[in-house]
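1. no sequence on this one, just coordinates:
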């Protein structure tokens, strides 16, 4: 016998001056292999057409359907209701600007953060469309690809204690991106250049090491390893700079 699920869903339209933050409750019969993505679409189609939430690919590739699911950031398309209790509370991701109900604007935050950390290959080599791709050892290419699997869903940022308290903190996403460029031989930035980008409390030294970011990452990116490596590297550079000033 299937369960009847109760959904407590945050509702608020910041564009409507008469709207007040609150939760609405909905009930839905559970079906086999039901995901939150499918459940929310059913609720919108069958019970309340004004329900606002984001989705695109439904395959954990676009990252659009990130939300707080019973207090834990996650993707609606990857979450089976069978893994949850009969009462499910859904809230929008914190840190990001609220669009309405469960929908938030992650794009503006990620665009600004990518610009802040200069998230591109830095090289003085002119582009030659006829040239062959630069060779790279398979192990190194795989290590870089491991960090490139981020889908910018925002779950790591939403779960971060520092990001929730400070708007200037770049978060695990940005630190992971910098770690990716540090290991890429095509990027010609020096250690000092990277230190200027993330060697502050807005960067790696603002991380409290709680590692909720890795815990909620739907792509299981090894953030703990990369944050530890980056912290040691930036710490060593900081000490060298300190001793250089004293000499």
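-> Noted; the coordinates are in hand. The structure presented is a predicted model; accordingly, all values stated were derived computationally and were not measured.

2. would you point out the helix or strand in the protein whose mean pLDDT is lowest?
-> Least confident helix or strand, the chain: helix 223-246 with a mean of 86, by mean pLDDT, DSSP states H and E.

3. list the buried residues of it.
-> With burial defined by 16 or more other CB atoms under 10 Å, the residues of helix 223-246 counted as buried are 223, 226, 227, 230, 231, 233, 234, 237. Every C-beta, even on glycine, is put in place using the N, C-alpha and C of the backbone.

4. which residues touch the second one?
-> Under the criterion of CB atoms under 8 Å, 6 or more residues apart in numbering, the contact partners of residue 226 comprise 147, 175, 176, 179.

5. repeat the analysis, applying 6 Å as the threshold.
-> Applying CB atoms under 6 Å, 6 or more residues apart in numbering, we find residue 226 in contact with 176, 179.

6. got it, and the last one?
-> By CB under 6 Å, 6+ apart, the contact list for residue 237 reads 191, 195.

7. what about 7 Å?
-> Residues counted as contacts of residue 237 (CB atoms under 7 Å, 6 or more residues apart in numbering) are 191, 192, 195, 199.

8. surely the third one forms part of a strand?
-> What that stands for is residue 195. No. Residue 195: not assigned to a strand; according to DSSP: H, G, I helix; E, B strand; the rest coil it is helix.

9. the residue nearest to residue 101 when sequence neighbours are not counted: what's it in contact with?
-> Counting by CB to CB, 6 or more residues apart in numbering, residue 101 lies nearest to residue 52, which is 3.8 Å off, once chain neighbours are set aside. Residues near residue 52 by CB under 7 Å, 6+ apart: 99, 100, 101, 102, 103.

10. which residues touch the residue most central in space within the chain?
-> By CA atoms, centre = their mean, the chain has its centre lying nearest to residue 154, at 2.7 Å. Contacts for residue 154 (CB under 7 Å, 6+ apart) come out as 66, 93, 96, 106.

11. ok, now residue 105?
-> By CB under 7 Å, 6+ apart, the residues touching residue 105 are 96, 97, 99.

12. from residue 56, how far out is the closest residue to the last one other than its chain neighbours?
-> Excluding its sequence neighbours, the residue lying closest to residue 99 (CB to CB, 6+ apart) is residue 105, at 5.5 Å. In this structure, residue 105 and residue 56 are separated by 15 Å, where distance is defined by CB to CB, to the nearest Å.

13. equivalent analysis for residue 165, please.
-> Taking CB to CB, one finds residue 165 at 30 Å from residue 56.

14. over to residue 37?
-> Distance, residue 37 to residue 56, by CB to CB: 10 Å.

15. neighbour-wise, which of the two wins?
-> A count of neighbours by other CB atoms under 10 Å puts residue 37 above the other of residue 37 and residue 56, at 21 against 11.
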